[in-house]
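# give me the fold of what follows.
(4 chains)
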There are 4 protein chains.
Amino acid sequence: MVPRYARPEMSALWEPEAKYRIWFEIEAHATEKLGELGVVPQSAAKALWDWWATDPKIDVEAIDAIEAVTKHDVIAFLTWVAEQVGDEARFMHQGMTSSDVLDTTLAVQLARATDLLLADMDDLLAAIERRAREHKYTPTIGRSHGIHAEPVTFGLKLAQAYAEFARNRERLVAARREIATCAISGAVGTFANVSPAVEAHVADKLGLEAEPVSTQVIPRDRHAMYFATLAVVAGSIERVAVEIRHLQRTEVLEAEEYFSPGQKGSSAMPHKRNPILTENLTGQARMIRAYALPALENVALWHERDISHSSVERFIGPDATITLDFALARLTGVIDKLLVYPERMQANMDRMGGLVHSQRVLLALTQNGVSREDAYRLVQRNAMKVWESDGQLSLLDLLKADPEVTAALTESQLEEKFDLEYHFKEVDTIFDRVFGK
Amino acid sequence: MVPRYARPEMSALWEPEAKYRIWFEIEAHATEKLGELGVVPQSAAKALWDWWATDPKIDVEAIDAIEAVTKHDVIAFLTWVAEQVGDEARFMHQGMTSSDVLDTTLAVQLARATDLLLADMDDLLAAIERRAREHKYTPTIGRSHGIHAEPVTFGLKLAQAYAEFARNRERLVAARREIATCAISGAVGTFANVSPAVEAHVADKLGLEAEPVSTQVIPRDRHAMYFATLAVVAGSIERVAVEIRHLQRTEVLEAEEYFSPGQKGSSAMPHKRNPILTENLTGQARMIRAYALPALENVALWHERDISHSSVERFIGPDATITLDFALARLTGVIDKLLVYPERMQANMDRMGGLVHSQRVLLALTQNGVSREDAYRLVQRNAMKVWESDGQLSLLDLLKADPEVTAALTESQLEEKFDLEYHFKEVDTIFDRVFGK
Amino acid sequence: MVPRYARPEMSALWEPEAKYRIWFEIEAHATEKLGELGVVPQSAAKALWDWWATDPKIDVEAIDAIEAVTKHDVIAFLTWVAEQVGDEARFMHQGMTSSDVLDTTLAVQLARATDLLLADMDDLLAAIERRAREHKYTPTIGRSHGIHAEPVTFGLKLAQAYAEFARNRERLVAARREIATCAISGAVGTFANVSPAVEAHVADKLGLEAEPVSTQVIPRDRHAMYFATLAVVAGSIERVAVEIRHLQRTEVLEAEEYFSPGQKGSSAMPHKRNPILTENLTGQARMIRAYALPALENVALWHERDISHSSVERFIGPDATITLDFALARLTGVIDKLLVYPERMQANMDRMGGLVHSQRVLLALTQNGVSREDAYRLVQRNAMKVWESDGQLSLLDLLKADPEVTAALTESQLEEKFDLEYHFKEVDTIFDRVFGK
Amino acid sequence: MVPRYARPEMSALWEPEAKYRIWFEIEAHATEKLGELGVVPQSAAKALWDWWATDPKIDVEAIDAIEAVTKHDVIAFLTWVAEQVGDEARFMHQGMTSSDVLDTTLAVQLARATDLLLADMDDLLAAIERRAREHKYTPTIGRSHGIHAEPVTFGLKLAQAYAEFARNRERLVAARREIATCAISGAVGTFANVSPAVEAHVADKLGLEAEPVSTQVIPRDRHAMYFATLAVVAGSIERVAVEIRHLQRTEVLEAEEYFSPGQKGSSAMPHKRNPILTENLTGQARMIRAYALPALENVALWHERDISHSSVERFIGPDATITLDFALARLTGVIDKLLVYPERMQANMDRMGGLVHSQRVLLALTQNGVSREDAYRLVQRNAMKVWESDGQLSLLDLLKADPEVTAALTESQLEEKFDLEYHFKEVDTIFDRVFGK
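Numbering: from 1, shown residues only, chains lettered A, B, ... in the order given. So this is what the prediction gives:
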């Protein structure tokens, strides 16, 4: 976790105190049910909740000190709670194993983290939609291979991003479902010493599903799927970031990250305005992708469990969610305040001498009886002249002067093929598909 | 693709001929709709389908020869088809771009590949369920950290695997949905020269959904999600493979891969029987995981598309699906014929002198009023003696001889804690959860 | 391996026949030494080499047929050789284990593959150097963050690439040293049944070093380092590929991949000339990077070895080396024939109204007594006007008109700061560093 | 960075204060040389060093506050220093660019981090060597595929680990050389405004090499190689960790991590002693491997640089080096205090009824005229009986009773093949290779 790439609400989720609070809730809910089942005195849960109602401070340092001796975190915590609550606390954790607490806690943390990510995603989608509608009909050149292709609108670019993040939102919802399970099944998952009813009760109280079959742990294919999903979201963030970095290039300059007063682009070159936010996002995306790998390697634990996944999750649990939260929020800000330059978009489109309309001429030629091969040859030979003139020549002019072309298409037919609006006739259809009617 | 790790049906999907067949279908369906819309003569589609009805051989070499000149695969293919079909063929591909064909073809290939994977998965699930039911109550020791923990049944181990692969099946279904989309939207996705109705028609005929907003390509977050999902499945394969490799270790030997007559385990050591199939699966899982990475990097294409994803997909499209298909089938065979040794499982469990029952004694002590701390100390001091005797001493005997223990628990109470059946009382519950009632 | 991304010489290295030839050589050399040591009759090696001298065809299918029964590749091969050579062949492989043959063979293959890669690298370095010297003083704008920074020369860009690939060449040499070891140490590496003298002899004959301590296998940290090194080389390939893709963008167009007559850039848009070779290289780089991952996971084999690395190496051995060989050769071709447009470079540089000289003015102001803070403010306020004018305004003109600036710098001092040549005074120094005097 | 996996000396290297100290040194050394060259007054460097000689506290918060306004870290730092030192400070950074400072600082940090890692490595090598010599002739079974193969010694296992880490040490030295370069070359690496002599001076003072050709940045192939090397080291750590985890398995129990008094293996099962340190190392190795990936993706920066690498390095710079430092130290502790059980090693070896000697019998049969095929068959048929008896039968006894065997080998010849010492005759040779004579 890099502090400058962390936001407080998400970070707080991963603080020791937040973890211990969840531990307590799990233990107390479990003790409550154990009391109902007659396994432990009902007074035990009451003692726990009574203490909890006093809103006690969790003394992280004291717990750490106990762990330094026992070398076991859950035992350290239980010992500390027992010191606070007194004798009744000895009934806590009855028949449970540490992983019952640890894994269910991780589920709660990841579920809550995902809720924050989903809220981030909603903000991002709202920002994209707003800008997409604003630029629904702002013409800009579509580029394939970095080369001018045919006209699109800036709104369409954003609609594409919207659709992609809407898919990512669905994936996050599915990923949340993957990891939001509760296991209270004892040392090797047989419920030998703890009834499935306890698991059901704790799951219900914490808003989780009961894990159908746990071993000692919740199976790690769930977490692998979760972090792989974050990696896909990161890929989409990188895609938008790279788009903006391209648009801000000096030669393109169709859009720019907002540049605040007082900001300095370069210590050496006072003229610079750099797309540093989206470059940053690009790097953060690389990290979030990387975190999926150890999660995938974590799946193959030995037998009913080994603990190799644990050190991995101490890193990637916070690092992946905190960084993604930051990245989504940063991207939202970038989109929200993005400086968009429609005149420059038009100017860039125009500088190719009308080459972007070559396909329509090609189609018109074939429709008027020219073979595909010939039509391609005719258009290409004129297009290449324009290309080599660096846009100084006009494709329309050259075509009008090419007798083989004019044998098939009249001047006005040719001119009609250079109409920009023609390209936008389905923009509305696409917007309806993406944003709904 | 490694031929020895490939099965014919899946491999065939990725052969050039299969690809060209799909190309033709897309082009012919599109021409059909274009005919209906009056954009091209209706005779064009008829000519195409008539030729197709003759079941023509696809001459891959001839197409390659044309591509060597044009350096463009789709144009080479169209040219070749035109040579076969004649003049009417020039109406093919009207208003479309190569990616309309290529991306939709990849969608068809991946969807069909996934159908094969789903069938593999069903076979695997059936094999696991059969063996799980067979060994529902076969006692075996549960292990955490590789150390004996408490008893489970071999059927429970398999039930866990079943649940994991049932989740993987669902993930595959979702992944199929991700990539089964059709884009016929023209050079930059605006439908400028091809109506959305064509896309809808082709999608319908090929069993795909129309892509809501394509650029020139279907967005690659879909494929990233797809290959990431395969990576998760690979993780689960590795998990089961590692489990079996562990069980076949000389010192454990609770299960073994089937060893056929005539097979030689080692050229040098005639006594060897090695778990080579599951070791192989372990390596294959590493490959399938690795293929997810470039798919994730493919998401951030430049602007409306660059073609950097294409070389990646030429590798991972076939390699990931063919290898996973092989791995699933191999795992099914391993599970199906797995040699299981219940006596050895019992023998291994017994060799720890009853240590696996330590928790129940601990719980009983606390329930009879001993503090958790004291109970832990009492059990541990006896357990450590058994541990250090390498299972020669019996935990039950030692406990019976420990006055601090017998002060809290009678001899018959102690004996009752060493009952194996106690651990299996919820096996049925778990089986119901996993396999349904 | 994707056939279109494979070159024959490298591919041949990985054909079954090439593998079997190396197997034979290892076995025959070993038998020779065993004969000298009196372990087997000296006639045995003679019989093997006599047969080999007849230049026998390796019957891959026959060997495969035997393997189908024995399920063991080395035994199948030995059996087939024995069928050819006769009775004396039974002394082959005495005291050896399959891995002695397999691992040493992999070492030979990887060493030979690396020799090809080094030759590729030499070709690439030669091409880069030639173009670097050609464009040693061709001015072009240096860009950071995609934004115009200050002038460089196109030769400097290439010198940077040269230095990077020269480092990569050294890394490849080191990586070759890592994997060029021979192990003939028997079933668990103790030389129990085969003298270290045999290993020394085979190593010597095959140009390898003896592995200081093998288990059954050559340790896989060596291979991990090897494939990680290929991944780094791939990163450098991507870097140059991305540079060229940027330079070929419509708006930049300072360089272009060679576009051959007859080539079609787009089936739909006859005007397109796309940087498809470098886009391809970008994707191939992703693959080569991905192959490093399973190699890294292969290190942690169980005990004296498990065979999980083997299936991985069947993929990545050929796939990584073949693809890198292809990519290096392709990149060499791209560099060699790259179309370079110096006028466009100059035009792009000029369009920023002289902003690229802002730093020199800043320095001059501070040297003439203006505080750094003030100097920055003075330059930035004029630079921003130029920036916002899209290069229509001239920085020099604005500075001349700014009294706070002219209070510190005379007109001629200002003009001197806009001299392009100033930036190239150390080009020669850098070329000397990179290419030697 | 996870605090519990961090050691203070390495962590301190990555603290803001340590970074700012290096920044200052670079700026002051550069100013010194600029003074010598007459570019700035010589009094400037003097003022800086005079202030530095007062051992000033670096006020991180004050610098952060300035950065919050300027949004540029180096400018913020320079501003703060100027506030402390006064007017002379305005000559700092003359002709330099931020990256000159940042990249050279990263080089210093990584070089110093590597020095710590090399010291860790020396400790680890010493621990391994000590234990290897201690157990040079402790017999233990060698295992391939997890199956008993032939005898080795525990010292040989450790010698293998030693050789692997000695290689890793060399790799780290090479990796240090890769990243220990200094770049003071100005905005785009042309030395336009700063003489190469400044770079040479700073490099010399900081113990770095001058970067032959930088752009704005030190090329990132260097860092990719660095982090890839750490990933390889991590693989070796995992290998040893997995070995120990295997040896500690209940059924094997040939070695154990030290278990301190007061330690609790499991909250639920008082009998457990788990290999948690090596499991932890396994997970940490996964992380260190993962960090190599974004470093590899960082190579392909745009043109003379983009800043996407920066956010990545803020994570992996500290995280990879801190975690590896911790892991090496932890592994050293584990090796140092490892509990080794030679009796159990012998017992495990004996339980296979002598199967581990099968190869020697096979060789003896072929040497006495039995065909390889027949010899294999004879040994295998007896070996399989022993295998199926679970080691109750003795291979030697069965062979003595097999007339086909005794036709070729006398009873005493057979007995001689079951001599354990035979396997260790080259241990000394191997130790000499690994540790030197």
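
# tell me the SS of residue A:390?
The three-state label given to residue A:390 by DSSP: H, G, I helix; E, B strand; the rest coil is coil.

# I'd guessed it sits against residue C:344; true?
Yes - here residue A:390 reaches residue C:344: they are 7.2 Å apart, a contact under C-beta atoms under 8 Å. Where C-beta positions appear, they are placed from N, C-alpha and C, glycine not excepted.

# what do the two both touch?
Taking C-beta atoms under 8 Å, 6 or more residues apart in numbering or on different chains as the contact rule, residue A:390 and residue C:344 both touch residue C:253.

# residue A:272 falls within a strand, correct?
No - assigned with three-state DSSP, residue A:272 falls outside any strand and is coil.

# and the gap between it and residue D:310?
Separation of residue A:272 from residue D:310 (C-beta to C-beta, to the nearest Å) stands at 16 Å.

# looking at those two, which is more packed in?
Counted by other C-beta atoms under 10 Å in any protein chain shown, residue A:272 and residue D:310 do not tie: residue A:272 has more neighbours, with 25 against 18.

# need the per-residue pLDDT for the more buried one.
The confidence metric pLDDT takes the value 71 at residue A:272.

# would you confirm that it contacts residue C:149?
Yes - between residue A:272 and residue C:149 there is a contact under C-beta under 8 Å: 7.0 Å.

# ranges for the strands of chain A?
Counting by DSSP state E, chain A has strands at residues A:139-144, A:147-153, A:181-182, A:209-210, A:255-256, A:339-340.

# let me know which of those is the nearest to chain B.
The minimum distance between chain B and the strands of chain A falls on strand A:139-144, with 3.2 Å, by C-beta to the nearest C-beta.

# that closest one vs chain C: in contact?
Yes - judged by C-beta under 8 Å from any C-beta of the partner chain, strand A:139-144 comes into contact with chain C at A:141, A:143, A:144.

# tell me how far the residue of the stretch 251-400 of chain A found nearest chain B lies from residue D:76.
Ranked by C-beta to the nearest C-beta, the top residue of the stretch 251-400 of chain A for proximity to chain B is residue A:299, at 3.2 Å. According to C-beta to C-beta, residue A:299 stands 45 Å off from residue D:76.

# neighbour count: these two, which is higher?
Higher neighbour count among residue A:299 and residue D:76: residue A:299, with 27 against 21, using other C-beta under 10 Å.

# and the closest residue to residue A:311 other than its chain neighbours, what does it touch?
Ranked by C-beta to C-beta, 6 or more residues apart in numbering or on different chains and with sequence neighbours excluded, the top spatial neighbour of residue A:311 is residue D:283, at 3.4 Å. Going by C-beta under 8 Å, 6+ apart, residue D:283 touches A:294, A:298, A:307, A:308, A:309, A:310, A:311, A:312.

# pick out the most distant pair among those.
Greatest spacing in those, by C-beta to C-beta: A:294 and A:307 (13.9 Å).

# what about these two, which has more around it?
Using other C-beta under 10 Å, the more surrounded residue of residue A:294 and residue A:307 is residue A:294, with 26 against 23.

# from the residues of strand A:139-144 next to chain C, pick the one nearest chain D.
Using C-beta to the nearest C-beta, residue A:143 comes nearest to chain D of those, at 16.1 Å.
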